[in-house]
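**Q** model this:
(one chain, ligands or ions: 1)
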Amino acid sequence: STSTEPLVLSSRSPNNSVAILTLNRPKALNALSSPLFDQLNAELEKADEDDSVRAIVITGSEKAFAAGADIKEMKDKEFAEVYKRNFLGTWTKIKDIRKPIVGAVSGFALGGGCELAMSLDLLICNSRAVFAQPEITLGIIPGAGGTQRLTGLIGKARAMDMVLTGRKIDGKTAEAWGLVSRCVGDEENVVEEAVKVGETIASFGRVAVQAGKEAVNASLELPLDQGLRLERRLFQSLFATQDQKEGMGAFAEKRKPTWGDK
Ligand code: CO8
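**A** Model prediction:
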């Protein structure tokens, strides 16, 4: 596209604490072109650095969260080129964002769109959401977590079904299988629901929130004994924070805590 419209729109929740990033290539159903992903990474880094942002929401349109990597951009690429340039390697940068990211999925979350969704911390979808890994229909396989994260979330049998047949599942099924945290009904606004979740997270102390995200993510990579050790160390280290004194003190004094983020 030659349009100068940003490919990712950035706005804020009413109380300003949640950054809302909206994928904005509606005509291509938010196909994840390299420029779009670069803009998304740039907006995420900006939000991560901005002290007024305490949680991030990523969403698309009603019709499509994202219909996958951009097939038109990929179709003529050759192995040597994609390998040497590490094509789409920047997709893993999301892992370095420290603040929690909530995905709000309506419509298509296909291929790379499903993988982008799975790389976020917590997913809210509506019953109109459609998740699939259709790469097999294009002569390829998933390349950004659609065999790894997906299997961890829904198990081998269902992951094989999705990866080898391209089977589409709806939002309710995604909720039943554990691919998403919550599926809201059609009458509810999925972005508003995600922002509410973001605002809830934003109402807690940032140090503990960041530690919680770090600890849960560690469970995906570490053997249990090391994961438990990391969790316990993070837990113990939070006793060095003012927020722990404030949170427990407020409970004992029957008042609301005021977090200082330190
Ligand atoms: N890439 C490029 N363009 C797309 C894509 C896409 N993934 N999806 C839709 N579009 C475009 C269409 O080409 C069409 O453009 P135009 O108007 O110029 O013809 C426009 O969006 C609207 O789409 P449709 O007319 O097809 O809309 P429909 O409502 O009829 O169909 C579908 C919607 C079912 C979503 C259909 O568009 C579709 O099947 N899209 C492709 C889905 C797909 O196969 N996705 C997987 C892509 S492969 C991938 O994601 C690999 C990721 C690897 C990541 C690796 C990281 C390291």
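**Q** can you give me the helices in the stretch 151-262 of the chain?
**A** For the stretch 151-262 of the chain, the helices defined by DSSP state H, counting those that start in this stretch occupy 156-165, 171-177, 190-202, 206-219, 224-237, 242-252.
**Q** So for G260, which of those sits nearest?
**A** For those, proximity to G260 was assessed by Cβ to Cβ; helix 242-252 is nearest, at 5.1 Å. Just so you know, the C-beta spots here come from the backbone N, C-alpha and C atoms, and that holds for glycine as well.
**Q** If you count contacts, what does the closest one end up packed against?
**A** Secondary structure elements in contact with helix 242-252, counted by 3 or more Cβ pairs under 8 Å, 6 or more residues apart in numbering; DSSP states H and E, are helix 206-219.
**Q** before we move on, back to that, how about a markdown table for the helices of the stretch 151-262 of the chain, with mean pLDDT, mean neighbour count and distance to the ligand added?
**A** As requested, these are exported to a markdown table (pLDDT from 0 to 100; neighbours: other Cβ atoms under 10 Å; distance: least, Cβ to the nearest ligand atom, whole Å):
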| stretch | mean pLDDT | mean neighbour count | distance to the ligand |
| --- | --- | --- | --- |
| helix 156-165 | 98 | 15 | 12 |
| helix 171-177 | 98 | 20 | 15 |
| helix 190-202 | 98 | 21 | 18 |
| helix 206-219 | 98 | 17 | 19 |
| helix 224-237 | 98 | 13 | 26 |
| helix 242-252 | 98 | 14 | 37 |
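**Q** and those helices as TSV, adding distance to P100?
**A** Output for those, formatted as TSV (distance: least, Cβ to Cβ, whole Å):
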stretch	distance to P100
helix 156-165	25
helix 171-177	19
helix 190-202	5
helix 206-219	5
helix 224-237	15
helix 242-252	16
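**Q** who wins for proximity to A69 among those?
**A** With Cβ to Cβ as the yardstick, what comes closest out of those is helix 156-165 (15.5 Å).
**Q** Just name whatever secondary elements that closest one is in contact with.
**A** Identification of packing neighbours for helix 156-165 by 3+ Cβ pairs under 8 Å, 6+ apart yields helix 149-154.
**Q** Okay, buried residues for the helix it packs on please.
**A** Using 16 or more other Cβ atoms under 10 Å as the burial criterion, the residues of helix 149-154 that qualify are R149, L150, T151, L153, I154.
**Q** Now the last one. Nearest residue, chain neighbours left out?
**A** When you say that, I think you mean I154. Leaving aside its chain neighbours, I154 sits nearest to W177 (4.5 Å; criterion: Cβ to Cβ, 6 or more residues apart in numbering).
**Q** what's near enough to touch that neighbour?
**A** For W177, the set of contacting residues under the criterion of Cβ atoms under 8 Å, 6 or more residues apart in numbering consists of L153, I154, R158, I169.
**Q** mind redoing it with 10 Å?
**A** By Cβ atoms under 10 Å, 6 or more residues apart in numbering, the contact set of W177 is F131, L150, L153, I154, G155, R158, A159, M162, I169.
**Q** now swap in A208 and tell me
**A** Taking Cβ under 10 Å, 6+ apart as the definition, contacts of A208 comprise L234, F235, L238, T241, D243, Q244, G247, W259, D261.
**Q** can you do 7 Å?
**A** Contacts were defined as Cβ atoms under 7 Å, 6 or more residues apart in numbering; by that measure A208 touches L238, D243.
**Q** can you tell me how far it sits from V8?
**A** As for A208, its distance to V8 is 29 Å (criterion: Cβ to Cβ, to the nearest Å).
**Q** same thing with W91?
**A** Shown here: W91 relative to V8, a distance of 14 Å by Cβ to Cβ.
**Q** That concludes my questions; thank you for your assistance.
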